[in-house]
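Asks: The following block contains a protein sequence and its predicted model.
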Amino acid sequence: MDNKFILEMNHIEKDFFGNQVLKDVSIKVKPGEIVALIGENGAGKSTIMNILFGMPAIHQTGGFKGEVIINGEKVDIKSPIEAMKHGIGMVHQEFMLIDGYDVAENVKLNRENLKKTPLSLIFGKRLNLVDQASMHKDARTTLDSLGIDLGEQTRVGSLPVGYKQFVEIARELDKQNTRLIVLDEPTAVLTESEAETFLSCVRSVAEKGIAFIFISHKLDEVKNNSHHVFVLRDGEMVGDYHTKELNTIRMSELMVGRKVEILNRQMEDEDPSHQEICLELEHFGVSMPGEIARDITLQVKKGEIFGIGGLAGHGKISIANGIMGLYPSRGQVKINGKIMDVTRTDDTLDAGVAFVSEDRRGSGLMLDESIELNIAIAALKTKNRFVIKRLGIPFYDKKGAIKYAEKMIQELDIRCTGHSQPVRSLSGGNQQKVCIARALTLDPDILFVSEPTRGIDIGAKKMILDSLMKLNKEKGVTVIITSSELAELRSVCNRIAIVTEGRIAGILSSTDEDYKFGMLMSGAKYEEPGAAQGGDRPQDAAAAQGGDWPQDAAAAQGGDWPQDAAAAQEGGRPQNTAAAQEGGRPQNTAAAQGGGQSGDVAPARETERTVKE
Ligand SMILES: Nc1ncnc2c1ncn2[C@@H]1O[C@H](COP(=O)(O)OP(=O)(O)OP(=O)(O)O)[C@@H](O)[C@H]1O
Ligand SMILES: [Mg+2]
């Protein structure tokens, strides 16, 4: 029988130690089709893709039930290598690239082009040499077919995250037999404009007949880029639709199983009398690879929710990391009027600052420990919370920590089997919620949160942003949110600073028009009426001083900060390319960031599948 599906997964069941996470789930994909897989955190999306890709996490936990059919043939995929042999590629959320290699070497990793040498002719293939020239040529052809302006000789470690994603997809496409590529939240780390470039590349590859399974929490993207949508809820398939039959609101209702309120801050809550400054940065620079902040001058007022936005690679991420002493920095940081030595992180914590890192795995989650200990640990160490004394000897108050953890599990809706579940076995989004719970436990005066809702589903996103707003309103915590999602910043922040090329391009109110944000992000100068008077826009005054800062001189010499020198060598300056992509049409970019109404720009392809309501 002629089979028109490239992939069929039928009646898939999976449990982890008795916890049933997939219940009779079936998915079908045709060649050239972009199929979206959506669902709340923990719904089972990554698990079903791990089954397809033969990941060890599945086989080490008792395998699965059901059948996988590729191109009409039943297969038994036991490892990622076998999956690749069947033409399945996967772009993981955590990058699988080697920073020290160049783009071509990463694209060809483990499949290097080899050339014969006199020795290899005698002693065999082992002594073949890697044929760099032909590898670079192949990689160039693949990159060109994707329409990516990215040098094949650029070292991957120096690329901004957005570009790493392209290298991952180029690697999958360079394998000539690839027929289906799984993208597990590929755009979570990208800004809107980078995501748009990436997805248009995915669409053009799909037109050549390669199928995609696309996992995303960004429902606008799903609406605009997929042909078909499968919705998972608590491990069950609750929706199988042509994309054109759904709008984003209906998608979120299907995912969550109830109506979802669209988040919107009540702006009348604002108290304009907050004038006291709690955080002041002067000529602050941070040497974080790929995200260098060069000269940041800004003031944050006590009790405000302050946003830091901007394109990936321009330095917004490094500000909080520098203040917490995680990377070398220069310039001045004042907290409540006191000059801080940011290399002494304990002092910063004592001053009431807490930080939720964008890097949840690297941010010190103890993956093999319980949810309860992960939530309690920071407050236990620095604030003596969850400590009880018996006969004068301090003990860990496990009971108290459990009670507290259970409260957080409920408040943030952390999907788990209980407080004792190891964090490693939580879904990505639920791990993020544990990080946030841990920072809240410190009871901070100033809370930095970076990319708080990256990888978080739409229902939980609202809960997290709501809890940040509540913390701000009820406890007066100053919240500083760094995010690539401008729409998210605009829904909760009083003011938003846009960082471009390591400097503050401007500070806007969240109610300012879209085009102003677009202009600042694209590097164009937006002059606010009255800005020339200086006064309340210190960043402008600083910017006006131009090149005579000592740190600029240092940067120019290269030597001080090795990564500056590295950046200087990268002739192509990929972040400029990204900015250039924005520059052409700031108003479109800004409109895309507006979120919500994505219109009916669904791709034209039709599928003939029967659709169940
Ligand atoms: N190795 C494992 N051991 C035990 N439980 C696991 C393991 N991997 C996943 N789970 C559980 O399976 C469920 C589904 O997780 P999965 O990672 O598939 O969710 P997801 O839909 O990808 O969520 P997210 O959007 O947060 O990435 C979760 O409850 C998770 O805790
Ligand atoms: Mg997942």
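Replies: Sure, I can see it. Numbers count the residues shown, from 1 in each chain. Ligands and ions are numbered 1, 2, ... in the order given.
Asks: Now do the host helix or strand of residue 237: which elements does it pack against?
Replies: In this assignment (DSSP states H and E), residue 237 forms part of strand 236-242. Strand 236-242 sits against strand 19-29, strand 228-233, helix 248-256, with contacts defined as 3 or more C-beta pairs under 8 Å, 6 or more residues apart in numbering; DSSP states H and E. No exception for glycine: its C-beta is placed from N, CA and C like everyone else's.
Asks: That strand relative to helix 248-256, how many degrees between them?
Replies: Angle, strand 236-242 to helix 248-256, by axes from the mean of the first three to the mean of the last three C-alpha atoms, to 10 degrees: 160 degrees.
Asks: what about strand 236-242 and ligand 1, any contact?
Replies: No. Using C-beta under 6 Å from any ligand atom, strand 236-242 never reaches ligand 1; the gap is at least 12.0 Å.
Asks: Tell me which residues of that strand come out buried.
Replies: With burial defined by 16 or more other C-beta atoms under 10 Å, the residues of strand 236-242 counted as buried are 237, 239-242.
Asks: ok now that strand, how far from the chain's centre?
Replies: Centre-to-centre, strand 236-242 and its host chain are 26 Å apart (C-alpha atoms, centre = their mean, to the nearest Å).
Asks: Also stretch 501-514?
Replies: 21 Å.
Asks: ok, and for it, which residues are buried?
Replies: Neighbour-count burial for stretch 501-514 [16+ other C-beta under 10 Å]: 501-508, 510, 512, 514.
Asks: ok, those vs residue 8, which is closest?
Replies: Nearest to residue 8 among those, counting by C-beta to C-beta, is residue 514 at 43.2 Å.
Asks: Any figure for the gap between residue 473 and residue 407?
Replies: Residue 473 is 19 Å from residue 407, where distance means C-beta to C-beta, to the nearest Å.
Asks: Pass me the low-pLDDT residue ranges in the stretch 451-600 of the chain, would you?
Replies: Filtered on pLDDT under 70, the stretch 451-600 of the chain yields the residue ranges 523-600.
Asks: Also the chain?
Replies: For the chain, the stretches with pLDDT under 70 are 1-3, 93-95, 115-130, 161-162, 258-274, 360-364, 523-613.
Asks: what subset of the buried residues of stretch 501-514 is also close to ligand 2?
Replies: The subset of the buried residues of stretch 501-514 within reach of ligand 2, by C-beta under 5 Å from the ion, is empty.
Asks: What about the residues you listed, which are in helices?
Replies: Counting by DSSP state H, those place residue 514 in helices.
Asks: Looking at the buried residues of stretch 501-514, which is nearest ligand 1?
Replies: The shortest gap between ligand 1 and any of the buried residues of stretch 501-514 belongs to residue 510, at 27.0 Å (C-beta to the nearest ligand atom).
Asks: Isn't that closest one up against residue 496?
Replies: Yes. Applying C-beta atoms under 8 Å as the test, residue 510 and residue 496 come out as touching, 5.9 Å apart.
Asks: and for these two, which residues touch both?
Replies: Residues touching both residue 510 and residue 496 (C-beta atoms under 8 Å, 6 or more residues apart in numbering): 307, 489-490.
Asks: which ones among the residues you listed are found in helices?
Replies: Among those, the members falling in helices (DSSP H) are 489-490.
Asks: Which member of the shared contacts of residue 510 and residue 496 is positioned nearest ligand 1?
Replies: Minimum distance to ligand 1 across the shared contacts of residue 510 and residue 496 is 21.6 Å, recorded for residue 489 (C-beta to the nearest ligand atom).
Asks: who touches the closest one in this structure?
Replies: Counted by C-beta under 8 Å, 6+ apart, residue 489 has contacts 307, 309, 481, 483, 496, 510.
Asks: how does it look with 6 Å?
Replies: 307, 309, 483, 496 (C-beta atoms under 6 Å, 6 or more residues apart in numbering).
Asks: do residue 387 as well
Replies: residue 394.
Asks: so it bridges to which residues?
Replies: residue 396 (DSSP bridges).
Asks: So which of the buried residues of stretch 501-514 is the closest to ligand 2?
Replies: Nearest to ligand 2 among those, counting by C-beta to the ion, is residue 510 at 29.9 Å.
Asks: Surely the closest one and residue 491 touch.
Replies: No. Between residue 510 and residue 491 there is no contact under C-beta atoms under 6 Å: 7.6 Å.
Asks: Tell me how far the residue in the stretch 451-600 of the chain positioned nearest to ligand 2 lies from residue 484.
Replies: Using C-beta to the ion, the single residue of the stretch 451-600 of the chain nearest to ligand 2 is residue 455, 7.3 Å away. Remark: distance between residue 455 and residue 484 (C-beta to C-beta) = 12 Å.
Asks: more crowded one of the two?
Replies: A count of neighbours by other C-beta atoms under 10 Å puts residue 484 above the other of residue 455 and residue 484, at 26 against 23.
Asks: roughly how far apart are the more buried one and residue 25?
Replies: According to C-beta to C-beta, residue 484 and residue 25 sit 31 Å apart.
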